[in-house]
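J.: how does the following fold in three dimensions:
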Amino acid sequence: MGSAGVALSASPSSFLANPALLFIREREKSLFTLSGSYIDSIRPAYFQNNLPNPLLQTPFTHLSVSFSGNNAALTIQNQVSLYDRNDDNVGYTRYHGLTHTLLQLDWATGRSFFAFGLNVKALSVSERNPLDISHDRILSDFIVQTSLGRYEPLENEAFISVGIGLLLDYDWFKMGITSDTFAFALGNESLQFNADEIYKSLDWGFSFSTPTYDSNNLLHLLKIQAVWDFVDLGSEESREIRLGFDVKLQLLPTWSVSFKTGYREKKYLPSDLLRFNFNNGTHTLGLSAQLGTFTLDLAFEIPISWYLGDTDAVEGVLALSFSI
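T.: Presented below is the predicted three-dimensional model:
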């Protein structure tokens with residue numbers, strides 16, 4: 001859905017986008033959620049020309065574990081990304097490896113249709129350069145090199161931040177506002193407040209959805225959701241709009257199949273927020289299946305330039321989550 005979700009309570013881990021979404025699950029029992037994903041670019045030329053490691057262009061792996069109670073959650077995440085691919089070596093492909101380890105605590109409270117959330121994040125960053133993947137044992141090398149290899153910490157990129165989130169919840173309509181850097185500290189610096197940084201990381205999102213059940217408490221066959229987010233409103237580098245649309249076929253309360261599509265676009269000027277420049281845009285397509293406590297997602301991010309023939313790169317995402 002274009003990575004939108006500031007006001008969308010679509011999964012047990014929605015609160016990672018807005019801590020106030022945790023309040024919606026206040027009456028539910030405690031949750032344990034385990035999720036993992038693999039993301040990579042897909043270039044047909046690498047397959048056509050029999051180039052080495054065609055499925056390891058810019059691989060990114062994500063593993064997350066969350067423990068949540070009535071109105072609080074603790075999440076541990078590990079992300080590993082490989083970039084600066086170099087094919088000039090015989091027998092192996094060389095990368096620059098980067099790992100992010102995040103510890104996040106979320107808390108939320110609310111009353112009636114209003115919720116307030118708070119999160120505290122501690123992030124450490126490490127790198128490994130070079131990182132080599134042999135051509136004759138790709139899978140085993142990838143697991144060993146990214147999971148067991150030695151990384152050097154980057155102290156100047158570690159940080160602690162405090163974020164806030166607000167949510168208006170009217171069942172079919174929700175509006176969320178978040179800022180990830182209400183307070184922050186880089187490296188060994190002390191925690192500080194900066195109004196400019198709060199505005200740079202300000203997100204504002206809306207979601208609309210049809211009812212899950214009818215007036216007789218019977219499950220609707222179809223549920224439709226739409227979202228619109230303005231992301232990093234004050235940042236010239238990362239300001240975006242994100243749009244999403246989801247049609248869910250509800251077979252049982254915990255069994256469903258969803259078709260998702262979305263659009264995201266960089267906005268370098270505030271005046272461009274309500275204009276579309278498709279040269280900076282990305283189209284997303286995805287299928288999601290919920291089978292009880294398991295959820296499987298398959299998605300693609302397709303630059304608009306791909307439709308115009310200006311690039312051959314498409315990004316694929318495979319994700320699996322499990323919650324109890």
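J.: could you pull out the strands in the stretch 201-324 of the chain for me?
T.: For the stretch 201-324 of the chain, applying DSSP state E, counting those that start in this stretch gives strands covering 202-209, 222-231, 240-252, 255-266, 281-291, 294-303, 314-323.
J.: out of the ones you listed, the one nearest residue 82 is which?
T.: strand 314-323 (14.0 Å; Cβ to Cβ). Glycine gets a C-beta too; all of them are placed from N, C-alpha and C.
J.: now the angle from the closest one to strand 281-291?
T.: 30 degrees (axes from the mean of the first three to the mean of the last three Cα atoms, to 10 degrees).
J.: can you count the residues close to residue 309?
T.: 7 (other Cβ atoms under 10 Å).
J.: cool, and residue 241?
T.: Residues near residue 241, counting by other Cβ under 10 Å, number 21.
J.: out of the strands of the stretch 201-324 of the chain, nearest to residue 194?
T.: strand 202-209 (12.6 Å).
J.: list the buried ones in the closest one?
T.: Neighbour counts over strand 202-209 (16 or more other Cβ atoms under 10 Å) mark 202-207, 209 as buried.
J.: for residue 100, state which of these is nearest.
T.: Among the buried residues of strand 202-209, and counting by Cβ to Cβ, the member closest to residue 100 is residue 203, at 19.7 Å.
J.: any idea how far that closest one lies from residue 278?
T.: 23 Å (Cβ to Cβ, to the nearest Å).
J.: do the same with residue 209
T.: Taken as Cβ to Cβ, the span from residue 209 to residue 278 is 27 Å.
J.: pull the distance from the helix or strand bottoming out on mean pLDDT in the chain to the chain's centre.
T.: Ranked by mean pLDDT, DSSP states H and E, the weakest helix or strand in the chain is helix 44-48, scoring a mean of 75. Between the centre of helix 44-48 and the centre of its chain there are 28 Å (Cα atoms, centre = their mean, to the nearest Å).
J.: run through who's touching it.
T.: 51, 54, 57, 312 (Cβ atoms under 8 Å, 6 or more residues apart in numbering).
J.: got the phi/psi numbers for residue 14?
T.: As for residue 14, its main-chain torsions (degrees, to the nearest 10) stand at phi -60, psi -30.
J.: how much space separates it from residue 35?
T.: Counting by Cβ to Cβ - residue 14 and residue 35 are separated by 12 Å.
J.: tell me which of those two has more neighbours.
T.: Neighbours were counted for residue 14 and for residue 35 using other Cβ under 10 Å; residue 35 has more, 22 against 19.
J.: so the more buried one bridges to which residues?
T.: residue 64, residue 321 (DSSP bridges).
J.: where's it relative to residue 263, distance?
T.: 24 Å.
J.: repeat for residue 238
T.: Distance, residue 238 to residue 263, by Cβ to Cβ: 17 Å.
J.: quick check, pLDDT for the residue nearest to residue 311 when sequence neighbours are not counted.
T.: Once flanking residues are discounted, residue 311 sits nearest to residue 305: 4.8 Å by Cβ to Cβ, 6 or more residues apart in numbering. pLDDT recorded at residue 305 is 87.
J.: many thanks, we can stop here.
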